[in-house]
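J.: fold the following.
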Amino acid sequence: MTESQILALAWRLGPWAGFILALVYIAANKVGPIWLADWREARKLARAKEEAERLARVDEEKEERRMVTALYERLVDQSSEMTRFIASATEAIHSLGRSVDANTQELYRHGKASERVLRCPLPGCLFIKDEPNDTSSGG
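T.: Got it, this is the predicted structure:
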């Protein structure tokens with residue numbers, strides 16, 4: 001519709017209808033594009049803001065994942081170090097036990113050897129007992 005057709009329609013409908021139709025025409029053709037451009041710009045800014053917020057959240061999540069990964073790596077390293085420490089401590093304890101057993105056996109052998117070699121020269125000696133079939137000490 002052209003402006004002259006709109007004006008003819010407005011005169012045929014009456015002065016109030018023409019006034020309303022003229023206001024609608026002004027709003028649609030003169031103010032509408034300005035309002036629409038402002039609305040589009042506002043939507044564009046809103047979308048840009050939402051995109052910036054989304055990118056910020058993504059970066060924050062990446063940082064959190066990196067921190068959690070670093071924490072888990074540290075935890076695994078600590079656990080492996082603790083396992084190595086426990087293994088070496090356990091091996092040291094077993095080695096100490098074997099040494100004590102060896103020393104006990106050696107002490108037992110020395111004790112048996114000294115019992116066979118030493119004879120008490122005194123009758124009824126309290127410190128070194130004679131063997132029961134030995135009659136030299138009179139006991």
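J.: now residue 80. Its backbone dihedrals?
T.: Taking degrees, to the nearest 10, you get phi -70, psi -40 for the backbone angles of residue 80.
J.: tell me how many other residues surround it.
T.: 10 (other CB atoms under 10 Å). Backbone N, C-alpha and C define where each C-beta goes, glycine included.
J.: again with residue 10
T.: 19.
J.: secondary structure element for it?
T.: helix 3-13 (DSSP states H and E).
J.: output that helix as CSV, restricted to C-alpha atoms.
T.: Provided in CSV are the C-alpha atoms of helix 3-13 (Å, rounded to 0.1, in the frame of the first residue of the first chain):
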residue,chain,number,x,y,z
GLU,A,3,0.8,6.6,1.2
SER,A,4,-1.9,7.9,-1.1
GLN,A,5,-3.9,4.7,-0.8
ILE,A,6,-3.6,4.8,3.0
LEU,A,7,-4.7,8.5,3.0
ALA,A,8,-7.7,7.7,0.8
LEU,A,9,-8.7,4.8,3.1
ALA,A,10,-8.4,7.0,6.2
TRP,A,11,-10.7,9.8,4.7
ARG,A,12,-13.3,7.2,3.7
LEU,A,13,-13.4,5.6,7.3
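J.: show me what whatever helix or strand comes next after it is packed up against.
T.: Using DSSP H and E, the helix or strand that follows helix 3-13 in sequence is helix 15-26. The contact analysis (3 or more CB pairs under 8 Å, 6 or more residues apart in numbering; DSSP states H and E) places helix 15-26 against helix 3-13.
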